[in-house]
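compute the structure for the input listed below.
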Amino acid sequence: MISMTEGHGHTLTGDIQQHAKFASHILKNQRDIWVYLPPGYRRSTARRYPVFYLHDGQNVFDAATAFGGTEWNADEAAEELINRGLIEPLIIVAVGSVGEDRIHEYTPTNGRLEPNGDSAAKSRGLLRAYGRFLVDELKPFIDQTYRTRPDKDSTGLGGSSLGGLASLILSFWFPNTFTRIAALSPSVWWDDSIIHRIVEEIDEAPRSSKIWLDTGTHEEGWERVGHLRDQLIERGWRLHNDLHYKEVQGAEHAEWAWSARFEAVLRFLFPYVPPQQRTQRQKPVISTRPYPAQVNAPIVRLRRIRHKEATTISI
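Predicted coordinates for the structure are as follows:
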């Protein structure tokens with residue numbers, strides 16, 4: 001069952017599959033997963049594609065499920081850029097968050113739930129377990145079900161706010177899985193800016209890692225993200241090369257702001273490379289680890305909609 005935002009119809013574009021109530025043995029919960037397939041996927045049966053995993057998946061493609069009815073328009077952005085030859089065709093996996101578990105799954109430590117630290121409530125700090133869910137449960141399923149390029153250089157991870165913080169930290173904890181990272185308005189404030197201590201523990205920048213890092217100047221404490229940029233540069237990332245940093249004038253901490261710059265994120269992390277410039281890749285090794293509960297689960301193909309418009313679909 002998809003959680004609907006009152007008053008907003010579905011706004012899906014392109015070929016999008018849904019895996020409802022995808023179960024995790026590690027986290028002991030379920031969530032919806034949406035998978036965007038690029039133009040030509042069903043025709044080019046020998047081709048394999050890079051994969052971009054995005055947190056808060058309910059906000060990625062569809063106004064009907066997005067917070068406040070404002071989605072990222074990731075499907076429209078990908079369709080447009082792929083058809084214009086501006087990015088490499090890719091698969092986007094939108095990983096739904098799970099209600100009150102979200103803040104626990106996206107945070108690395110038992111920090112207080114409020115930025116000012118006045119809240120008595122604390123996170124359970126389940127980010128490492130959530131990372132294991134992505135790496136050991138979801139990614140093998142996606143690699144078995146779709147024609148992916150499963151290597152680390154072809155696998156991205158992204159999100160905003162706590163999802164941006166989670167993406168950065170998971171790329172440090174799982175460097176052999178995720179190397180194309182999008183951190184939009186990351187919650188640098190979390191647990192007295194624990195991210196700085198985590199970055200300090202990195203010996204050097206992973207050679208293949210690319211990071212998009214940004215913030216809006218109308219966000220509270222936005223200057224903290226600039227300090228994180230400086231620290232990443234100190235650890236070996238090269239600005240304007242494998243680290244892109246952007247301060248968006250007037251942008252707020254909101255879905256509309258992240259939607260507005262998602263095309264730029266795709267163009268940085270997944271640029272189109274002409275065939276003659278591509279390096280020869282080894283034949284990908286696909287995990288054959290069985291996941292009976294997931295492999296046999298029904299796949300729902302959502303209606304293809306060429307233009308963004310309110311409509312009703314059966315799911």
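
pretty sure residue 178 sits against residue 154.
No. At 10.4 Å, residue 178 does not count as touching residue 154 under the criterion of C-beta atoms under 8 Å. Yep, even glycine has a C-beta here, placed from its N, CA and C like the rest.

comparing these two, which residue is more hemmed in?
Taking other C-beta atoms under 10 Å, residue 178 and residue 154 do not tie; residue 178 has more neighbours (26 against 21).

distance of the closest residue to the more buried one other than its chain neighbours relative to residue 200?
Of all residues not flanking residue 178 in the chain, residue 157 sits nearest, at 4.3 Å (C-beta to C-beta, 6 or more residues apart in numbering). In this view, residue 157 and residue 200 are 21 Å apart by C-beta to C-beta, to the nearest Å.

just residue 236 next, same as before
Where residue 200 is concerned, residue 236 sits at a distance of 13 Å (C-beta to C-beta).

check contacts around the closest residue to residue 242 other than its chain neighbours.
Distances taken as C-beta to C-beta, 6+ apart put residue 210 closest to residue 242, at 4.8 Å, once the chain neighbours are dropped. If you count contacts by C-beta atoms under 8 Å, 6 or more residues apart in numbering, residue 210 has them with 179, 180, 181, 242, 243, 244, 268, 269.

quick check: the farthest pair among the residues you listed?
Using C-beta to C-beta, the two most remote members of those are 179 and 244, lying 14.2 Å apart.

more neighbours: which of the two?
residue 179 (23 against 20).

contact partners for the more buried one?
152, 153, 155, 156, 171, 206, 208, 209, 210.

if you set the cut-off to 6 Å instead, what comes out?
By C-beta atoms under 6 Å, 6 or more residues apart in numbering, the contact list for residue 179 reads 152, 153, 208, 209.

just put the residues you listed in JSON lines and tack on secondary structure, distance to residue 66 and neighbour count.
As requested, the contacts of residue 179 are exported to JSON lines (DSSP: H, G, I helix; E, B strand; the rest coil; distance: C-beta to C-beta, whole Å; neighbours: other C-beta atoms under 10 Å):
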{"residue": "152", "secondary structure": "helix", "distance to residue 66": "30", "neighbour count": "18"}
{"residue": "153", "secondary structure": "helix", "distance to residue 66": "30", "neighbour count": "15"}
{"residue": "208", "secondary structure": "coil", "distance to residue 66": "32", "neighbour count": "13"}
{"residue": "209", "secondary structure": "coil", "distance to residue 66": "29", "neighbour count": "20"}
